[in-house]
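Colleague: Predicted structure and sequence below. I'll ask about it afterward.
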Amino acid sequence: QVQLVESGGGLVQAGGSLRLSCATSGRTFSNHAMGWFRQAPGKEREFVASISWSGGSTDYADSVKGRFTISRDNAKNTVYLQMNSLKPEDTAVYYCAASVYSDMYYNTRPGTYAYWGQGTQVTVSS
């Protein structure tokens with residue numbers, strides 16, 4: 001089992017920044033690629049970003065590329081999502097998730113991720 005707890009969400013004005021953190025415990029954190037997903041009201045959960053076990057590979061949704069940065073610290077068992085130049089359409093509940101793989105196979109699919117956090121709300125006002 002892997003337990004994940006997100007933090008860092010909140011209310012921010014358009015153009016602002018937030019840094020989300022996802023602290024993990026349980027099974028060895030470095031065995032898992034990690035991902036961030038988000039879900040807005042009335043919409044399906046969508047892929048945001050992912051990172052391989054070593055941090056050497058990353059992937060981003062087109063909608064956040066150039067604005068968001070995913071990173072991880074395996075010594076701290078934590079994955080981060082730095083979000084800059086936020087837009088109102090970024091408003092959603094953000095979830096971190098641990099993949100069943102250590103590398104980024106099928107990294108954009110929610111079904112690839114076996115463990116999920118409870119989510120943290122990000123609201124961007126215009």
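Modeller: It's in. Residues are numbered from 1 along each chain as shown.
Colleague: At the geometric centre of the chain, which residue do we find?
Modeller: With distances taken as Cα atoms, centre = their mean, the residue of the chain nearest its centroid is Trp36 (2.1 Å).
Colleague: After the helix or strand hosting that one, which helix or strand is next?
Modeller: Using DSSP states H and E, Trp36 sits in strand 34-39. As assigned by DSSP H and E, the chain's next helix or strand after strand 34-39 is strand 46-51.
Colleague: and that next one, which strands flank it?
Modeller: Applying DSSP bridges to the sheet, strand 46-51 is found paired with strand 34-39 (antiparallel), strand 58-60 (antiparallel).
Colleague: Just the CA trace of it, in CSV.
Modeller: Output of strand 46-51 as CSV, limited to C-alpha atoms (Å, rounded to 0.1, in the frame of the first residue of the first chain):
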residue,chain,number,x,y,z
GLU,A,46,-7.8,14.5,-16.7
PHE,A,47,-4.0,14.0,-16.8
VAL,A,48,-1.9,16.9,-15.9
ALA,A,49,1.7,15.7,-15.5
SER,A,50,3.8,12.6,-14.6
ILE,A,51,7.4,11.8,-13.6
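Colleague: chain center to that strand, what's the gap?
Modeller: Distance of strand 46-51 from the chain centroid (Cα atoms, centre = their mean, to the nearest Å) equals 6 Å.
Colleague: Report the buried residues of that strand.
Modeller: Phe47, Val48, Ala49, Ser50, Ile51 (16 or more other Cβ atoms under 10 Å). C-betas here are computed from N, CA, C, even on glycine.
Colleague: Adding distance to Asp59, write those out as CSV.
Modeller: Listed next are these as CSV, based on distance: Cβ to Cβ, whole Å:
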residue, distance to Asp59
Phe47, 8
Val48, 10
Ala49, 7
Ser50, 5
Ile51, 8
